[in-house]
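Structure of the sequence below:
(chains A and B)
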Amino acid sequence: MTPIIPASLRSASVQTTTIRTIGAHDGRDVRIRGWLYNKREKGKLVFLIVRDGTGYLQAVAFQPEVPPDVFETCQKVTQESSLEVRGSIRKDDRAPGGYEMKLQSITVHQVAQDYPISPKEHGPDFLLDHRHLWLRSSKQHALLKIRSEICQAIRDFFYERDFVLIDSPILTPAACEGTSTLFETDYFDRKAYLSQSGQLYLEPACMAFGRVYCFGPTFRAEKSKTRRHLTEFWMVEPEVAYADLDDLLDLAEDFVVTLVARALDRCRPELTTLERDITRLERIQKPFPRLTYDEAAAVLMRPEIQSRARGQDAPPFVPGSDFGAFDETVLTETLERPVMITRYPTKIKAFYMQPDPQNPDRALCVDVLAPEGYGEIVGGSQRIHDHDLLLRRIQEHGLPLEAFRWYLDIRRYGSVPHAGFGMGIERFVSWVAGIHHLREAIPYPRTLNRLYP
RNA sequence: UCCUCAGUAGCUCAAUGGUAGAGCAUCCGGCUGUUAACCGGAGGGUUGUAGGUUCGAGUCCUACCUGAGGAGCCA
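Next comes the predicted model:
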């Protein structure tokens, strides 16, 4: 990595470097530019824990060996002040990270007064009010690094498989699926809605390019108030022409396994910082267990499961309805791998899903449920490719026909079976990182009660 | 929309209906290897808001506000 350094800060004699690569500078003089993470004083010794975005480094100032003004600056500098330290790097097992700097000089660029987030425990409301500063904390830093790596892995996965990135619009004229509550906004003298899915716009592109995906923000105005919901979240949605449900299951399985492997390969230090049980991620291998909705429903109807639901005040499972939170826990708790549940009842799923030719009451769809109670991470289906059937479904759902004319066109001009799925980035990141709250898996969370910062 | 819980110092939390407390942070002093350092000292309060009960309310009652967790809905 080549640091970008303004000419005014360059020095011919001392190299400016990053903490991530500090081991390569053992025994040499370097300059580190960053912020003060923490400070510990002991008489004639001051330990400065400096962070630069790539890691943490302990710089040690020892009184007789540094000039009095340098030592005094080290004593006075406050938490999160921006600074530049210069000194020699040496291996020392007593230092966090294994290397430390024997400090020779220090430049404080700006003194931070009363940094609000002290190195102690804080409540979620306080931390979310200070999200713009909380990003500097080690766990949040590790989490967002993992998110970044997973987003890069998603793009790499599709690029390597010849998918074309097709960005869907965020401003849309009408409801895509007719179910969710949408955010409404003024669009000159008309109304527009923030997109809740890119899928419908992706299907036409799929007929142009064969394999496509979109990756962007998605908006839901539902008043959900749980740790598994955000009003603004990121979703990646692939769509494949000439694909059936079995092709889709294989793609989703490959996708999940590849992303988890990438996190294990590139984010070990971050997963360790988050105290993630890595052995659980190492068990995420193909094949994933697959069962149908009817098989899953049979499990939930067992007397011992029904009595457990009553004991936990969970609403009882009714055959033909969708699974609740308790039901998802039951279906995933004994498994180490994600479970793929297929062929839900047609009437509880979206209007565009292809019915199973063997049983038209069941849709050719899949939900992938993550282990450890993280819930649905992937949802997808084969799409209806017959024009008349799709027209009938739009009418049955009471959707405005005029708004779907372009969508029906795809079934008039060279229609083929096709399939796709959507994956919620924050849910996936939460599962991989092993965190409790979805809102920490996005830099600036938007929830029912939060629009700041 | 419904159910449950919470709101006390900058932060995290104590306080049988009877004088408002501690740790961290901040400031001052001490210490040559600290690991959320430690030791001594100082400053810091309209107990979410408005009513009510009581000789007396942080504590009990009512309403409201704010937040959290869950349900439903969904990724």
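
On the three-state scheme, residue A:117 is what?
coil (DSSP: H, G, I helix; E, B strand; the rest coil).

wait, doesn't residue A:198 sit right on residue A:168?
Yes: Residue A:198 is within contact range of residue A:168, at 2.9 Å (criterion: CB atoms under 8 Å). For every residue, glycine as well, the C-beta is placed using N, CA and C.

neighbour count winner among those two?
residue A:198 (29 against 21; other CB atoms under 10 Å).

give the contact list for the more buried one.
Taking CB atoms under 8 Å, 6 or more residues apart in numbering as the contact definition, residue A:198 lies against A:167, A:168, A:169, A:214, A:216, A:218, A:235, A:237.

From those, pick the one nearest residue A:152.
Looking at the contacts of residue A:198 and their distance to residue A:152, the nearest is residue A:216, at 15.3 Å (CB to CB).

Render the CA-only coordinates of the host helix or strand of the closest one in CSV, please.
According to DSSP states H and E, residue A:216 maps onto strand A:211-219. Taking Å, rounded to 0.1, in the frame of the first residue of the first chain, the C-alpha atoms of strand A:211-219 are listed here in CSV:
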residue,chain,number,x,y,z
ARG,A,211,-27.1,-13.4,-16.5
VAL,A,212,-27.4,-10.2,-14.6
TYR,A,213,-27.4,-8.9,-11.0
CYS,A,214,-28.1,-5.7,-9.2
PHE,A,215,-26.6,-4.5,-5.9
GLY,A,216,-27.9,-1.4,-4.1
PRO,A,217,-30.0,0.1,-1.3
THR,A,218,-33.6,-1.0,-0.7
PHE,A,219,-36.3,0.7,1.3
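
any residues touching it, and which ones?
The contact list for strand A:211-219, computed with CB under 8 Å, 6+ apart, reads A:151, A:154-155, A:158, A:161-168, A:170, A:182-183, A:194-198, A:201-202, A:205-206, A:231-241.

any idea how far it is from the chain center?
14 Å (CA atoms, centre = their mean, to the nearest Å).

Equivalent analysis for stretch A:389-406, please.
Taking mean C-alpha positions (CA atoms, centre = their mean), stretch A:389-406 and its chain are 33 Å apart.

do it and RNA strand B meet at all?
No: contact of stretch A:389-406 with RNA strand B (CB under 7 Å from any atom of the strand) is absent, the minimum separation being 12.0 Å.

what residue ranges in the stretch 51-200 of chain A score low on pLDDT?
Filtered on pLDDT under 70, the stretch 51-200 of chain A yields the residue ranges A:175-180.

interface residues of it facing RNA strand B?
A:58, A:60, A:62-64, A:78-79, A:92, A:94-96, A:100, A:114, A:116, A:118-126, A:128, A:179-180, A:197.

My understanding was that residue A:437 contacts residue A:139; is that so?
No: checked against CB under 8 Å, the pair residue A:437 and residue A:139 is beyond contact range at 11.6 Å.

mind checking how far residue A:379 is from residue A:323?
Distance, residue A:379 to residue A:323, using CB to CB, to the nearest Å: 12 Å.

Residue A:231 now?
23 Å.

re earlier: sheet-wise, list the partners of the strand holding residue A:216 with their directions.
According to DSSP bridges, strand A:211-219 forms sheet pairs with strand A:164-165 (parallel), strand A:232-241 (antiparallel).

Put together JSON lines for these, with mean neighbour count on each row.
Listed next are the strands paired with strand A:211-219 as JSON lines, based on neighbours: other CB atoms under 10 Å:
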{"stretch": "strand A:164-165", "mean neighbour count": "14"}
{"stretch": "strand A:232-241", "mean neighbour count": "23"}
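
Could you dump those strands into JSON lines with distance to residue A:32 added?
JSON lines is the format used below for the strands paired with strand A:211-219 (distance: least, CB to CB, whole Å):
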{"stretch": "strand A:164-165", "distance to residue A:32": "37"}
{"stretch": "strand A:232-241", "distance to residue A:32": "33"}
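
Does anything pack onto the helix or strand hosting residue A:265? Which helices or strands?
Per DSSP H and E, residue A:265 falls inside helix A:245-266. On a contact count with 3 or more CB pairs under 8 Å, 6 or more residues apart in numbering; DSSP states H and E, helix A:245-266 meets helix A:138-160, strand A:232-241, helix A:278-282, strand A:339-342, strand A:365-370, strand A:375-383, strand A:418-424, helix A:425-433.

Flag every buried residue along the third one.
Counting neighbours by 16 or more other CB atoms under 10 Å, one finds that the buried residues in helix A:278-282 are residue A:281.

what comes into contact with the helix or strand just after it?
Of the helices and strands lying after helix A:278-282 in sequence (DSSP H and E), the nearest is strand A:290-292. For strand A:290-292, the external contacting residues (CB under 8 Å, 6+ apart) are A:249, A:339, A:340, A:341, A:342, A:343, A:362.

do stretch A:39-58 as well
A:1, A:18-22, A:32-38, A:59-64, A:71, A:74-75, A:77, A:79, A:83, A:85, A:95-97, A:99-101, A:103, A:106, A:136, A:138, A:141.

what about the residue nearest to residue A:231 when sequence neighbours are not counted, neighbour count?
Excluding the flanking residues, the one nearest residue A:231 by CB to CB, 6 or more residues apart in numbering is residue A:446, at 4.8 Å. Neighbour count of residue A:446, defined by other CB under 10 Å: 15.

Just the buried residues of the helix or strand hosting residue A:107, please?
Assigned by DSSP H and E, residue A:107 belongs to strand A:99-110. Of all the residues in strand A:99-110, those buried under the rule 16+ other CB under 10 Å are A:99, A:100, A:101, A:102, A:103, A:104, A:105, A:106, A:108.

Among these, which one sits closest to RNA strand B?
Lowest distance from RNA strand B to these (CB to the nearest atom of the strand) belongs to residue A:100, with 5.2 Å.

Show me the beta-bridge partners of the closest one.
Taking DSSP bridges as the rule, residue A:100 bridges to residue A:58, residue A:90.

Would you quantify the distance from residue A:134 to residue A:126?
With CB to CB as the criterion, residue A:134 and residue A:126 are 9 Å apart.
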